[in-house]
Structure formats: structure tokens, C-alpha cells
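Student: model this:
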Amino acid sequence: MENLTFLLNHPNKSYFWVICDESGTLIEKGQGKSLKDIVSQKKLHKIEGFIFSPLLSNKKIEVPPAKKSQILESIPYLLEDNILGEIKDYHFVMTSRNERGEVNVSLIQKTFMDQEINSLYEEGINIDSLSFLDTGFQINKSDSFLVIFKEYSIFSRGSEWGWCSETETILSTLKKSLDEFNCTSLNVYKLDQLEEIDWQKYIQTEVNVNCTEVKDELDFLEKALPFLGQNLNILQNQYAPRIDWKELFTNWRYALATTSLVIIFYFLQISLDIYQNNSLSSELEEKSKSLFYADFPEELQSNDIQKALKNKLRNLNFSESEPFLKTVQNLTQVISNNERVSLFSINYDMNRNQFMVEIQCSQFEDLEAVKSTFLQRGYQVEVGSSKRVGNSILSEILIRKS
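Tutor: Numbers count the residues shown, from 1 in each chain. Sure, this is the predicted structure:
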């Protein structure tokens with residue numbers, strides 16, 4: 001997978017970019033006024049960038065111990081005296097609180113973000129992360145970086161702080177910046193066409209200066225890339241990276257198609273089962289009607305077979321003293337009350353006015369217990385055939401009302 005890293009020289013409106021593989025090996029590099037052409041030609045896994053401009057600023061603010069969300073809510077009030085204009089006109093992101101109780105806040109006017117970031121989105125360039133170059137260096141505790149691009153320069157203490165301004169302004173305040181952060185090492189990137197700099201004139205302290213000359217911004221990006229990182233991504237909140245739905249759909253199209261087919265087949269199976277169940281139900285209802293009216297031809301035919309059957313059972317008595325349905329209730333209750341006995345089947349012989357109940361029990365003592373209970377309730381009980389089925393006994397009981 002290929003990753004693109006770019007540097008935006010905002011004063012000159014120029015992009016400098018390198019493309020590397022996963023191991024960091026350089027594949028391609030270039031520059032131009034836009035990223036649209038190179039992004040459209042390549043299938044890139046990730047796009048991250050760095051930007052420098054004197055219009056961008058960082059503020060160090062001392063804050064009390066609190067959750068990051070609480071500190072973030074207080075930032076607008078703490079910044080009111082440090083900016084020109086209304087805080088609502090600025091987009092800002094911040095670092096975590098350090099051991100000195102400070103946070104670094106990167107400030108950008110929203111008009112700047114709307115022009116630069118939204119224009120990239122409109123061109124179909126979805127950036128994963130973007131940081132100020134002055135906060136983009138990965139540094140050790142006593143290190144610092146200085147980048148000199150002709151009229152503009154950048155001093156960086158990594159995510160702690162940094163700034164971009166005219167070169168002479170940066171150099172004139174260099175000693176103060178180094179002393180404030182107790183820096184003992186200054187790593188310099190300078191255009192090779194610029195004059196040599198007398199560092200003792202600007203530093204006047206024992207600071208180890210490591211100077212690397214570069215041809216241009218592209219050469220700088222290639223050489224400094226191992227030291228750069230997204231310490232403070234400004235693409236947050238309303239400027240967060242947009243989801244490329246088209247690419248997402250393209251990458252997952254086979255999985256989505258497979259999932260869709262599974263869902264379709266699942267609902268087709270459910271629909272087929274419902275149709276078959278409805279068909280069987282209708283067929284069963286027709287058979288029930290046919291059997292009912294064959295046995296009871298004197299009954300008026302009705303579409304509601306359940307109602308007709310209930311009326312018939314309601315008027316049917318097992319004996320002069322007990323309705324039919326009450327008897328069925330008593331039979332099932334006696335059996336269900338015995339934990340070691342289960343009902344296998346129940347049939348009613350209208351001609352003999354008796355029930356034939358098949359029960360399944362563990363041993364013959366359980367059968368005798370059920371028989372005794374029926375006798376106590378006033379039923380005539382006759383035990384029919386019995387047979388062993390596995391570890392259980394299947395027995396017939398004929399029951400009449402006394």
C-alpha cells in the first residue's frame with residue numbers, strides 16, 4: 001500500500017509531495033499547485049500533510065488539572081485576550097496537558113480552513129491528517145528544529161510549541177526560544193542558495209547546531225520525513241476527514257453483495273415457509289370441516305369451524321353432572337400433577353362415553369398412583385394394555401364417569 005505525504009507552502013500556494021510504501025521506501029516525488037492529478041492517478045492508502053504559514057499560530061496556555069474535555073470547553077475563555085477578533089471565528093485543536101500544566105493550542109481562522117481544506121475535499125482529495133509543520137517534528141526533550149525557507153522560517157519544539165514567521169524575526173528571537181525550552185541541540189534545514197549564517201550571532205549559548213542544506217521544499221520533505229509526525233492533527237470536528245463512500249463501496253462490494261444475497265435468500269425462505277404453513281393450515285381446516293360435518297350432518301355449516309366445534313363441546317356432557325370440557329381439564333390436571341407421569345395421547349369414544357388415555361411413566365407404581373387419584377375423584381378406571389418403551393412404561397387407561 002502506498003502513502004502520500006505532502007508539504008503545503010501556503011504563502012506560495014505550492015504543494016510538495018512524496019509517495020512511500022509501507023516500509024518508508026520512496027517510490028515517487030513531485031510538486032505542483034494542486035494534488036488533484038497525482039491523487040487521481042494513484043490508489044493511495046493514506047494521505048497526510050504538513051502546512052506552514054505565518055497566518056497560523058500556536059498558543060501555550062496554563063490550565064488546571066482536569067479532564068481533556070473540560071479543558072477544551074475552557075479554552076475559548078482562556079484565549080479571548082490572546083487573539084484578535086472573535087473566538088467563534090477560529091478553529092482550534094490542543095495537545096494534552098503536560099507536566100508543567102500547559103497545553104499547546106493550534107489556532108486557525110475558519111475562513112482559512114474553509115478555503116484550503118474544503119477546496120481539497122471538493123476536488124475529491126480526502127486527507128487523513130494535517131498538522132502545522134511547526135508542531136510536526138518528533139523530537140527528544142532537549143532537541144529543537146529550525147527550517148529556513150528564504151523569507152519564511154519555522155522554529156519547532158514538536159507538539160510543545162512552534163511558530164512560523166519572517167526569517168529575520170525567527171533568528172532574532174532564537175536565543176530566547178532555545179533558553180525557554182532548555183534546548184541543547186538545534187537541527188537546522190536551510191536552503192543551500194542562502195548565505196551562511198553566523199550562529200554565534202543569534203544563539204550566543206552552547207547549543208549544538210546540526211545544519212543540513214536542502215535544494216528546496218521537496219528536498220527538505222524527503223530528508224526530514226523520518227522526523228515528522230502528526231502530533232496535532234487539525235482535521236477535527238467539522239473539518240474531520242470525510243468518508244469516501246465510493247471507495248468504501250468499491251472495496252466492500254463483494255462482501256456487501258454476498259451479505260445482500262444471504263439476506264434475500266433468508267427472507268425468501270421465510271416467505272416460502274409462511275406460504276407453505278398457510279397452505280397446510282387451509283388444507284387442515286378444510287379437512288377438519290369435512291370430518292366435522294360428516295360426523296354431525298345435522299349441524300348448520302359455517303366458515304368458522306372452531307366456533308362450531310366449541311359450541312358442540314359446550315353442549316356435550318360426559319355425564320349428567322359434569323360437562324365434557326370439565327372432564328378433559330380434570331384428566332390433564334391429574335396427569336400433570338404427577339411429575340413422573342406424562343400424557344402420551346387422549347381419545348374419546350362417544351358411543352361408549354369413555355376416554356382412552358395413554359400415559360408414559362417410569363414404573364408401575366406411578367400408574368397405580370394415577371389410577372388411585374382418578375378413583376378418588378369419582379371416575380371408573382380400567383387399566384388396559386401396558387408395554388415397556390426404553391426405560392419407560394406406556395399404559396392405556398379407560399375412564400368413565402361413575
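Student: what residues sit buried inside the helix or strand harbouring D114?
Tutor: Using DSSP states H and E, D114 sits within helix 110-122. By neighbour count on 16 or more other C-beta atoms under 10 Å, the buried set for helix 110-122 is 112-113, 116-117, 120. Quick note: C-beta positions are derived from backbone N, CA and C, even for glycine.
Student: got the CA positions of it in PDB?
Tutor: Written as PDB, here are the backbone C-alpha positions of helix 110-122 (Å, rounded to 0.1, in the frame of the first residue of the first chain):
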ATOM      1  CA  LYS A 110     -12.200  29.300  10.000                       C
ATOM      2  CA  THR A 111     -12.100  31.200   6.700                       C
ATOM      3  CA  PHE A 112      -8.600  29.800   6.200                       C
ATOM      4  CA  MET A 113      -9.900  26.300   6.900                       C
ATOM      5  CA  ASP A 114     -12.900  26.700   4.600                       C
ATOM      6  CA  GLN A 115     -10.800  27.900   1.700                       C
ATOM      7  CA  GLU A 116      -7.900  25.500   2.000                       C
ATOM      8  CA  ILE A 117      -9.400  22.300   3.400                       C
ATOM      9  CA  ASN A 118     -12.900  22.400   1.900                       C
ATOM     10  CA  SER A 119     -11.300  23.100  -1.600                       C
ATOM     11  CA  LEU A 120      -9.300  19.900  -1.200                       C
ATOM     12  CA  TYR A 121     -12.500  17.900  -0.300                       C
ATOM     13  CA  GLU A 122     -14.300  19.400  -3.200                       C
END
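Student: which residues touch that helix?
Tutor: Applying C-beta atoms under 8 Å, 6 or more residues apart in numbering, the contact partners of helix 110-122 are 8, 10, 35, 51, 55-56, 89-91, 127, 130, 234-235, 239, 242.
Student: who does the helix of greatest length in the chain touch, helix- and strand-wise?
Tutor: Across the chain, the longest stretch assigned as helix under DSSP state H is helix 253-295. Counting contacts by 3 or more C-beta pairs under 8 Å, 6 or more residues apart in numbering; DSSP states H and E, helix 253-295 is packed against helix 305-314.
Student: which two in the contacts of helix 110-122 are spaced the farthest apart?
Tutor: The widest separation within the contacts of helix 110-122, taken as C-beta to C-beta, falls between L35 and D89 and amounts to 27.1 Å.
Student: higher neighbour count, the two?
Tutor: In this view L35 and D89 are compared by other C-beta atoms under 10 Å, and L35 has more residues nearby, 20 against 11.
Student: per-residue pLDDT, the residue nearest to F355 when sequence neighbours are not counted?
Tutor: Nearest-residue entry for F355: I399, 4.5 Å, with adjacent residues in sequence omitted and distances by C-beta to C-beta, 6 or more residues apart in numbering. Note for I399: predicted pLDDT of 85.
Student: show me what the helix or strand hosting I399 is packed against.
Tutor: Under DSSP H and E, the secondary-structure element containing I399 is strand 392-401. Judged by 3+ C-beta pairs under 8 Å, 6+ apart, strand 392-401 is in contact with strand 354-361, helix 364-376, strand 379-389.
Student: so the longest one versus strand 354-361, what angle?
Tutor: Taking axes from the mean of the first three to the mean of the last three C-alpha atoms, to 10 degrees, one finds that helix 364-376 is oriented at 150 degrees with respect to strand 354-361.
Student: any stretches of the chain with poor pLDDT?
Tutor: Low-confidence segments of the chain (pLDDT under 70): 204, 242-251, 292, 295-296, 298-299, 302-303, 305, 309-325, 402.
Student: outline the domain layout of it.
Tutor: The chain breaks down by automatic domain parsing into domains covering 2-251, 254-306, 316-401.
Student: near E222, how many other residues are there?
Tutor: Using other C-beta under 10 Å, E222 has 17 neighbouring residues.
Student: ok, now V262?
Tutor: A total of 10 residues lie near V262 under the criterion other C-beta under 10 Å.
Student: ramachandran coordinates for K141?
Tutor: phi -60, psi -40 (degrees, to the nearest 10).
Student: roughly how far does it sit from F181?
Tutor: According to C-beta to C-beta, to the nearest Å, K141 stands 9 Å off from F181.
Student: what do you get for V381?
Tutor: V381 sits at a distance of 102 Å from F181 (criterion: C-beta to C-beta).
Student: got it, and K88?
Tutor: According to C-beta to C-beta, K88 and F181 sit 32 Å apart.
Student: what's the answer for G390, then?
Tutor: As judged by C-beta to C-beta, G390 and F181 stand 87 Å apart.
Student: more neighbours: which of those two?
Tutor: The neighbour comparison of G390 against F181 (other C-beta under 10 Å) goes to F181, with 17 against 7.
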